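Colleague: sequence and predicted model, in that order:
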Amino acid sequence: MAKEVYSASEAAQALGISLDTLRRWDREGRIAVERDGANRRIVRAAELDRLLGRDSAHLTARNRFPGTVTEVKVDGLMAQVELLVTAPVRVVALVTRDAVEELGLRPGASATAIVKSTSVMVER
């Protein structure tokens, strides 16, 4: 049976990041953490699944970059969405205006850039 709750170090290892990065993401609100009785950070399995893109089983892309929307520029039917995936790395995607509205993309929102072949998709 899979675990429901992971320690901060277990979560960082599963995400492929350092413990310091996990702590920074917590402070920045990029990851939802809770505290146990001893005030240690714990991460629920559902949050790890969200960050690892496991909640979108219909997409098979392996290159998923969870991040935070830093800018959205809408012009007519198209929009440009910029995600900060890991400082200083950013991903810029051109999507439809409808997609921006449907996904509720706005600065500060969490989103995942999905790179498959030559296409970049955004999910939330």
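Modeller: Thanks, I have the structure now.

Colleague: longest helix of the chain?
Modeller: helix 19-28 (DSSP state H).

Colleague: buried residues in it?
Modeller: Thr21, Leu22, Trp25 (16 or more other CB atoms under 10 Å). Where you see a C-beta, it was placed from the backbone N, CA and C, and this is true even at glycine.

Colleague: next, format the residues you listed as CSV and append pLDDT and distance to Ile114.
Modeller: Converted to CSV, the buried residues of helix 19-28 look like this (pLDDT from 0 to 100; distance: CB to CB, whole Å):
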residue, pLDDT, distance to Ile114
Thr21, 90, 21
Leu22, 91, 22
Trp25, 90, 19
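
Colleague: would TSV of the residues you listed with distance to Val100 be doable?
Modeller: Converted to TSV, the buried residues of helix 19-28 look like this (distance: CB to CB, whole Å):
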residue	distance to Val100
Thr21	28
Leu22	29
Trp25	24
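
Colleague: ok, the residue nearest to Arg35 when sequence neighbours are not counted - how many residues close by?
Modeller: Spatially, and ignoring its direct neighbours in sequence, Arg35 is nearest to Arg41 (6.5 Å; CB to CB, 6 or more residues apart in numbering). By the criterion of other CB atoms under 10 Å, Arg41 has 19 neighbours.

Colleague: who's in contact with Arg41?
Modeller: Ser7, Ala8, Leu22, Arg23, Asp26, Val33, Glu34, Arg35 (CB atoms under 8 Å, 6 or more residues apart in numbering).

Colleague: what do you get for Thr21?
Modeller: Going by CB under 8 Å, 6+ apart, Thr21 touches Ala12, Thr86.

Colleague: with Val95 instead?
Modeller: Met78, Ala79, Val81, Val122 are the contacts of Val95 under CB under 8 Å, 6+ apart.

Colleague: try 7 Å this time
Modeller: Ala79, Val81, Val122 (CB atoms under 7 Å, 6 or more residues apart in numbering).

Colleague: Val43 now?
Modeller: Tyr6, Ala8, Ala11, Ile31, Val33.
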